[in-house]
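Enquirer: following is a predicted model, sequence given first.
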Amino acid sequence: MQITIKAHFNKQTKDSKKELVQFYVKGEDEMRPELNTLCREVVELQIGGVDPLTAEFVKKSQDAKKTVLDFIVNGGASNRHSYEFYRLAGTDVELTITESQMSIDEFRERQEEYREGKRGTINPDGTVDVDDDNQLAIEDYTGEDAEVDPEEDAADSDWLE
């Protein structure tokens, strides 16, 4: 299912747990039954020629003046992609909402993976030890350029003193 509506891209917010996008819909598009059908589903949001964002259609709320559509965006969208989409915030747009093949469970699982991040320990000296089996420690590096000339290294660090 797909629906195209005229909306106002009200805002985009991002915190450590989620990215939220919000649209205001006014006029005839408020009454479209497809909005009710797609609510609480995973959808693809597209504005103009910008690549679509995968999002969970979280909530549709109405008052006397407008209908508000809230979406939680799938984490991990590239910065460039996010910029192209979000630079339209605060403008009137033609929004296309398409039902996604992804289930709610798959979407939420990907959100958890995105938010989990890296685990590690912050040492008293300010350095960080990351718990990652794929991370190579400098002591373990055996490449040709791994050898350091102590005199050259000392000369390079003079400016730090």
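Expert: Received it, and whenever you're ready, just let me know what you need.
Enquirer: every contact and neighbour count from this point should use C-alpha atoms.
Expert: Will do.
Enquirer: what comes into contact with the helix or strand containing Ile3?
Expert: Taking DSSP states H and E as the criterion, Ile3 maps to strand 2-14. Here strand 2-14 makes contact (CA atoms under 8 Å, 6 or more residues apart in numbering) with 19-26, 29, 34-35, 86, 88-99.
Enquirer: in the helix or strand where Val93 lies, which residues are buried?
Expert: Val93 is part of strand 92-99, with elements assigned from DSSP H and E. For strand 92-99, the neighbour count (16 or more other CA atoms under 10 Å) marks 93, 95-99 as buried.
Enquirer: again with stretch 55-74
Expert: Judged by neighbour count (16+ other CA under 10 Å), stretch 55-74 contains these buried residues: 55-60, 67-74.
Enquirer: Glu139 versus the closest residue to Gly120 other than its chain neighbours, what's the distance?
Expert: Spatial nearest neighbour of Gly120, excluding adjacent residues (CA to CA, 6 or more residues apart in numbering): Val130 at 4.1 Å. Distance, Val130 to Glu139, using CA to CA, to the nearest Å: 15 Å.
Enquirer: give me the more crowded residue out of these two.
Expert: More neighbours surround Val130 than the other of Val130 and Glu139, with 12 against 7 (other CA atoms under 10 Å).
Enquirer: correct me, but the more buried one touches Asn123?
Expert: No. Between Val130 and Asn123 there is no contact under CA atoms under 8 Å: 10.7 Å.
Enquirer: give me the common contacts of the two.
Expert: Joint contacts of Val130 and Asn123 (CA under 8 Å, 6+ apart) do not exist.
Enquirer: mind listing the helices for the chain?
Expert: 33-38, 79-86, 104-116, 150-156 (DSSP state H).
Enquirer: for the shortest one, packing partners?
Expert: In terms of contacts (3 or more CA pairs under 8 Å, 6 or more residues apart in numbering; DSSP states H and E), helix 33-38 is packed against strand 53-62.
Enquirer: distance from the strand it packs on to the middle of the chain?
Expert: In terms of CA atoms, centre = their mean, to the nearest Å, the centre of strand 53-62 is found 15 Å from the chain centre.
Enquirer: any idea of the mean pLDDT in that strand?
Expert: Average pLDDT, strand 53-62: 86.
Enquirer: that older thread, what pairs with the strand holding Ile3, and is each one parallel or antiparallel?
Expert: strand 19-25 (antiparallel), strand 92-99 (antiparallel) (DSSP bridges).
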